[in-house]
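*Asks:* here is a sequence together with a model predicted from it:
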Amino acid sequence: MKLSKEHIGRLRELLAQPRQRIVIVSHTNPDGDAVGSSLAWAEVLRTMGHEVTCVVPNKFPYFLDWMPGIDEVVVFKADTEGRAARAIAEADVIFCLDFNAVSRLEILSDTIEANTTARRVLIDHHLSPDEGFDLLFSHPDSSSTCFLVYSIVEAMCGTEAITRSMAESLYVGMMTDTGNFAFSFLTPELFRAVAVLIEKGISIPDIYNSVYNAYTEGRARLFGYAINRKMEVIQDGTVAYMSLLENEMRRFQFQQGDSEGFVNYALTIKKVKMSAMFLAHRKFIRVSLRSRGDVDVNLFARKYFDGGGHKNAAGGKSFVSMQETIDHYIRSVKEFADDGLLG
């Protein structure tokens, strides 16, 4: 990944103006990378003297509650006082982190679009960013937005500007978006960055335990149910899928984030090359897709579920019933395989 010196210069010039009102927004169903990059970048901006508000459309997973500074993140859906809407309306600059289109903010999109004067800066690692940003740091070859933020801070301020709390936030995103460093652009530069974060005093075992070993009993039982009762393998054992309805999730006291990682599990089966998770919401079904090797689920998501993402991790939505969604998936997988795209 190579940052543009021109873009770094433009960002430095933008942030040189004193005490600006800045909002950092990230995507719906914020994950470790979205939250980690937002918290770290907010701390950088505050040290420059800016007034910063972090906003997410809906609640982040409970296993991120321990992260430094997370109490200051405003959850738009639960913001009865209107703090997020006011901050966005008054913002001089809006940083968009870990998503490539304002539409991905869903319930927050209109509020962002209503501010037509704020400069918008994109910091993201997804493919095909939308137009409409004044400055783009769009790097699909970055393993995470946290690694991209780390690289921007290094280029602008040097690694001496990174505090321990920033290092913890950045490591969460680097760890979670690579499956604990098992896939996705595992470059020497990434591991050099991790070495710097360790030098800042982070404890990798503590962070790992806080994120991956802090689930509820209900989540553990839901996982067992999903694997035992809901996982199906098709296409001669090379493709898998799971589905969960709202009443099934309620049986296990489902909380935001409880299904995290379910879609990856089928890929532990030797023959499986692609996996899907269908999660029912009130108005739609959220589709999560994962793959390994050359199977491009970004292409699959764009073609069949009006979505997108990365080559080996993507998603989309379905607005029909669960059974219709599954039937559509099975037909689409066959067509994808017939086109020679399943390897």
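*Replies:* In hand now; what should we look at?

*Asks:* contacts, neighbours, all on C-alpha from now
*Replies:* Fine.

*Asks:* and the pLDDT for the closest residue to residue 20 other than its chain neighbours?
*Replies:* Closest residue to residue 20 apart from its sequence neighbours, by CA to CA, 6 or more residues apart in numbering: residue 50 at 5.1 Å. Predicted confidence (pLDDT) for residue 50: 98.

*Asks:* surely residue 50 meets residue 23?
*Replies:* No - counting by CA atoms under 8 Å, residue 50 stays clear of residue 23, with 10.1 Å between them.

*Asks:* tell me which of those two has more neighbours.
*Replies:* residue 23 (26 against 19; other CA atoms under 10 Å).

*Asks:* parallel or antiparallel, list what pairs with the one helix or strand the more buried one maps to.
*Replies:* Using DSSP states H and E, residue 23 sits in strand 21-26. According to DSSP bridges, strand 21-26 forms sheet pairs with strand 51-56 (parallel), strand 93-97 (parallel).

*Asks:* kindly export the longest one (C-alpha atoms) in CSV.
*Replies:* By that I understand strand 51-56. Provided in CSV are the C-alpha atoms of strand 51-56 (Å, rounded to 0.1, in the frame of the first residue of the first chain):
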residue,chain,number,x,y,z
GLU,A,51,-13.6,19.4,18.4
VAL,A,52,-14.4,15.8,17.4
THR,A,53,-17.6,13.7,17.6
CYS,A,54,-17.7,10.0,16.7
VAL,A,55,-21.0,8.8,15.3
VAL,A,56,-22.2,5.3,14.4
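
*Asks:* give me the residues contacting the helix or strand just after that strand.
*Replies:* Next helix or strand after strand 51-56 toward the C-terminus (DSSP H and E): strand 74-75. Strand 74-75 is contacted by residues 53, 54, 55, 56, 57, 58, 59, 83, 84 when judged by CA atoms under 8 Å, 6 or more residues apart in numbering.

*Asks:* mind redoing it with 7 Å?
*Replies:* 54, 55, 56, 57, 58, 59, 84 (CA atoms under 7 Å, 6 or more residues apart in numbering).

*Asks:* likewise stretch 170-184?
*Replies:* 32, 33, 36, 37, 40, 143, 144, 146, 147.

*Asks:* what pairs with the lowest-mean-pLDDT helix or strand in the chain, parallel or antiparallel?
*Replies:* Ranking every helix and strand in the chain by mean pLDDT, DSSP states H and E puts strand 308-309 at the bottom, with a mean of 89. Partner strands and pairing direction for strand 308-309 (DSSP bridges) are strand 313-318 (antiparallel).

*Asks:* hmm, who's touching the strand it pairs with?
*Replies:* Defining contact as CA under 7 Å, 6+ apart, one finds that strand 313-318 is touched by 284-291, 297-298, 301, 305-309, 325.

*Asks:* that one: which residues count as buried?
*Replies:* Residues of strand 313-318 classed as buried: 313, 314, 315, 316, 317, 318 (neighbour count, 16 or more other CA atoms under 10 Å).

*Asks:* distance-wise, check the last one relative to residue 306.
*Replies:* When you say that, I think you mean residue 318. Distance, residue 318 to residue 306, using CA to CA, to the nearest Å: 8 Å.

*Asks:* in terms of helices and strands, where is residue 333?
*Replies:* Element membership for residue 333 (DSSP H and E) is helix 322-338.

*Asks:* what angle sits between that helix and strand 313-318?
*Replies:* 130 degrees (axes from the mean of the first three to the mean of the last three CA atoms, to 10 degrees).

*Asks:* go through helix 322-338 and flag the buried ones.
*Replies:* Buried-residue list, helix 322-338, by 16+ other CA under 10 Å: 322, 325, 326, 329, 330, 332, 333, 336.

*Asks:* any idea how far that helix is from the middle of the chain?
*Replies:* 25 Å (CA atoms, centre = their mean, to the nearest Å).

*Asks:* for it, give me every contacting residue.
*Replies:* Helix 322-338 is contacted by residues 304, 318, 342 when judged by CA under 7 Å, 6+ apart.

*Asks:* which among the residues you listed gets closest to residue 265?
*Replies:* Residue 265 lies nearest to residue 342 out of those, by CA to CA, at 18.5 Å.

*Asks:* give the contact list for that closest one.
*Replies:* Counting by CA under 7 Å, 6+ apart, residue 342 has contacts 295, 336.
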